[in-house]
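Student: dropping the sequence and predicted coords here.
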Amino acid sequence: GDSVTQMEGPVTLSEEAFLTINCTYTATGYPSLFWYVQYPGEGLQLLLKATKADDKGSNKGFEATYRKETTSFHLEKGSVQVSDSAVYFCALGLSSGSARQLTFGSGTQLTVLP
Amino acid sequence: SAVISQKPSRDICQRGTSLTIQCQVDSQVTMMFWYRQQPGQSLTLIATANQGSEATYESGFVIDKFPISRPNLTFSTLTVSNMSPEDSSIYLCSVNRGQNSYEQYFGPGTRLTVT
């Protein structure tokens, strides 16, 4: 079935370090792909998205490119800040009957140290 | 964007009791989703609630344990019945951004602890 495999955490970086969180997917058809972020004590927020191959989503300095050939959607940021400390979820959008559902990866806890 | 509120934000409940969680959206939506997030885990979809019809439950979740109501296009409730400590989780509701969108907006969640 459709699934998302996400890089195991936790990840600890120093401020201004480069971040990569790997995400690969298995899907029939052409899914939409998302990164959500969950800050401590809060609900999920959409960080960025891509709806077709070669699309690049970007927001708040984060980027991810939809790579159909490698079925990947890796999250990157060139210089992380302490305020980026959160849990990051990769997600795949697919149809189930009439509903448009999301399937989430396991989540990656990021801690950025000053 | 949709604004979603949930009540209660957190609760501590006794084993064997039930808790009803409310989800209110500031606009009319067709589908509402209920998720469970166990401690340190990812989100697992419990069910999809479509106004005017029975909720559709995912594998491993049953209506007797997690009855859902969807009385109108802006509101839904999820009840966690006959609770045990294994039900301690964050419960989140969400809605699609648009009828043809996979993008979802999430409520802030209800943090449930069962003792």
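Tutor: Done, it's in. Residues are numbered from 1 along each chain as shown, chains lettered A, B, ... in the order given.
Student: report the distance from the lowest-mean-pLDDT helix or strand in chain A to the chain centre.
Tutor: Every helix and strand in chain A was compared by mean pLDDT, DSSP states H and E; the lowest is strand A:99-104, with a mean of 83. Offset of strand A:99-104 from its chain centre (C-alpha atoms, centre = their mean, to the nearest Å): 14 Å.
Student: check whether it contacts chain B.
Tutor: Yes - for strand A:99-104, a contact with chain B is found by C-beta under 8 Å from any C-beta of the partner chain, at A:99-104. Glycine gets a C-beta too; all of them are placed from N, C-alpha and C.
Student: just give the closest residue to whichever residue of chain A sits closest to chain B, not the sequence neighbours.
Tutor: Using C-beta to the nearest C-beta, the closest approach of chain A to chain B is made by residue A:93 at 2.7 Å. Once flanking residues are discounted, residue A:93 sits nearest to residue B:102: 2.7 Å by C-beta to C-beta, 6 or more residues apart in numbering or on different chains.
Student: tell me the contacts of that neighbour?
Tutor: By C-beta atoms under 8 Å, 6 or more residues apart in numbering or on different chains, residue B:102 lies in contact with A:31-32, A:34, A:93-94, A:100-102, B:96.
Student: of the residues you listed, which is the most crowded?
Tutor: Ranked by neighbour count under the definition other C-beta atoms under 10 Å in any protein chain shown, these are headed by residue A:34 with 27 neighbours.
Student: my read: that residue touches residue A:51, true?
Tutor: No - judged on C-beta atoms under 8 Å, residue A:34 makes no contact with residue A:51 at a distance of 9.6 Å.
Student: return the residues of chain A in contact with chain B.
Tutor: A:31-32, A:34, A:36, A:42-46, A:49, A:89, A:93-94, A:96-107.
Student: hmm, 7 Å instead?
Tutor: Proximity of chain A to chain B (C-beta under 7 Å from any C-beta of the partner chain) is limited to residues A:32, A:34, A:42-44, A:46, A:49, A:89, A:93, A:99-102, A:104-107.
Student: list phi and psi for the residue most central in space within chain B.
Tutor: Centroid-nearest residue in chain B, with C-alpha atoms, centre = their mean: residue B:34, separated by 3.3 Å. When quoted as degrees, to the nearest 10, the phi and psi of residue B:34 stand at phi -120, psi 130.
Student: what do you get for residue B:39?
Tutor: Dihedral angles (degrees, to the nearest 10) for residue B:39: phi -50, psi 120.
Student: what of residue A:90?
Tutor: phi -90, psi 140.
Student: show me the shaky parts of chain A.
Tutor: A:96-99 (pLDDT under 70).
Student: CA-only coordinates of stretch A:90-104 in CSV, if you can.
Tutor: Listed next in CSV are the C-alpha coordinates belonging to stretch A:90-104 (Å, rounded to 0.1, in the frame of the first residue of the first chain):
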residue,chain,number,x,y,z
CYS,A,90,6.5,14.1,5.9
ALA,A,91,3.1,13.2,4.5
LEU,A,92,1.5,11.8,1.3
GLY,A,93,-1.9,12.8,0.0
LEU,A,94,-4.0,10.1,-1.6
SER,A,95,-7.7,9.4,-2.3
SER,A,96,-9.7,6.9,-0.3
GLY,A,97,-13.2,6.6,-1.7
SER,A,98,-14.4,10.2,-1.8
ALA,A,99,-12.0,11.4,0.9
ARG,A,100,-8.6,13.0,0.3
GLN,A,101,-6.5,11.6,3.1
LEU,A,102,-3.0,12.1,4.4
THR,A,103,-0.6,9.3,5.4
PHE,A,104,2.1,10.5,7.7
